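Undergrad: What shape does this take:
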Amino acid sequence: MKIGSQAGKLTAISASNPDTIVVRGHDLCADLIGKVSFTDHAWLLVTGRMPTPGQRRVLDAALVAIAEHGLVPSVAAARMTLAAAPEALQGAVAAGILGCGSVILGSAEAAGRFIAGILGNVTIRETGAATLAALGEARNARRAVPGFGHPLHRKADPRVARLLAVAEEAGVAGRHVAVAKLIEQKLPEVTGKPLVMNVSGAIAAVMLDAGFPLLAVKGVPILARTASLVAQLLEEQERPIGFILAHEGSAAVGYDGPSPAGFVPSS
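TA: Residues are numbered from 1 along each chain as shown. Below is the predicted model:
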């Protein structure tokens, strides 16, 4: 059964023949391999254009900023998956990526949508009122403001200031960064508590100002974390802790369900 239009049976990303591979209009071997960085190539793949120096620098900085942050849930899932299936590196990487959602990593996309929604069609003079209205709506609906707040970096996420500085230095910081800063400034006024911008909020702001598509913003942390997961899984093979993570998780959680008479769960 066909679902949706079947008229546009075309792609503009890549094609090949026996002699040549074309990627976004470029000869892969003659124009790209050995001549552009992977950051350049990623921007080209997503947007269809080579990045400007400023765009390259911002994407590179964002990828470095979000690649690694210790034994977060996506890493634990990947390591435990490899412990259970040591032959399936790709499955373990996939397990880690599947753990990227609205709370961890995926919040960059949500933050981007929130910031872009504030901007909408408003003028610069209306931005403050639009920001307050969006924050008030989120408060009334008891929704978290994506891209703000961090369980560890409560006073300041150290990655944020650096990313914003890179965007300024690269000449791409603009309206999205300004709105992100305004949200951070207005949050205490609306919610009664300060919530600092986190790295996901900063990535959303700088990438959108650099001209990266909103629909692809989530791909930035996914791409970055993939590199980190490969490193984590190499270490898992050399210094395994996957089963330790599983055991410690099990030991930390008690059982309070029904039991047969005399049953005592193992500690």
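
Undergrad: Can you tell me which residue sits nearest the middle of this structure?
TA: The chain has residue 221 as the residue nearest its centroid, 3.0 Å off, counting by Cα atoms, centre = their mean.

Undergrad: Could you tell me which residues make contact with that residue?
TA: Neighbouring residues of residue 221 by Cβ atoms under 8 Å, 6 or more residues apart in numbering: 66, 100, 105-106, 108, 200, 203. In short, each C-beta sits where N, CA and C put it, glycine included.

Undergrad: Tabulate the CA atom coordinates of the longest helix along the chain in CSV.
TA: Looking across the chain with DSSP state H, the single longest helix is helix 219-238. Only the C-alpha atoms of helix 219-238 are listed here, as CSV (Å, rounded to 0.1, in the frame of the first residue of the first chain):
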residue,chain,number,x,y,z
GLY,A,219,21.8,15.7,14.1
VAL,A,220,24.7,17.8,15.5
PRO,A,221,24.7,16.1,19.0
ILE,A,222,23.9,12.8,17.4
LEU,A,223,26.9,13.0,15.1
ALA,A,224,29.2,14.2,17.9
ARG,A,225,28.1,11.6,20.4
THR,A,226,28.6,8.8,17.8
ALA,A,227,32.4,9.6,17.9
SER,A,228,32.4,9.5,21.6
LEU,A,229,30.5,6.2,21.8
VAL,A,230,33.1,4.6,19.6
ALA,A,231,35.7,5.7,22.1
GLN,A,232,33.6,4.5,25.0
LEU,A,233,33.1,1.1,23.4
LEU,A,234,36.7,0.7,22.6
GLU,A,235,37.5,1.3,26.3
GLU,A,236,34.6,-1.1,27.1
GLN,A,237,36.5,-3.9,25.2
GLU,A,238,39.8,-3.0,26.9
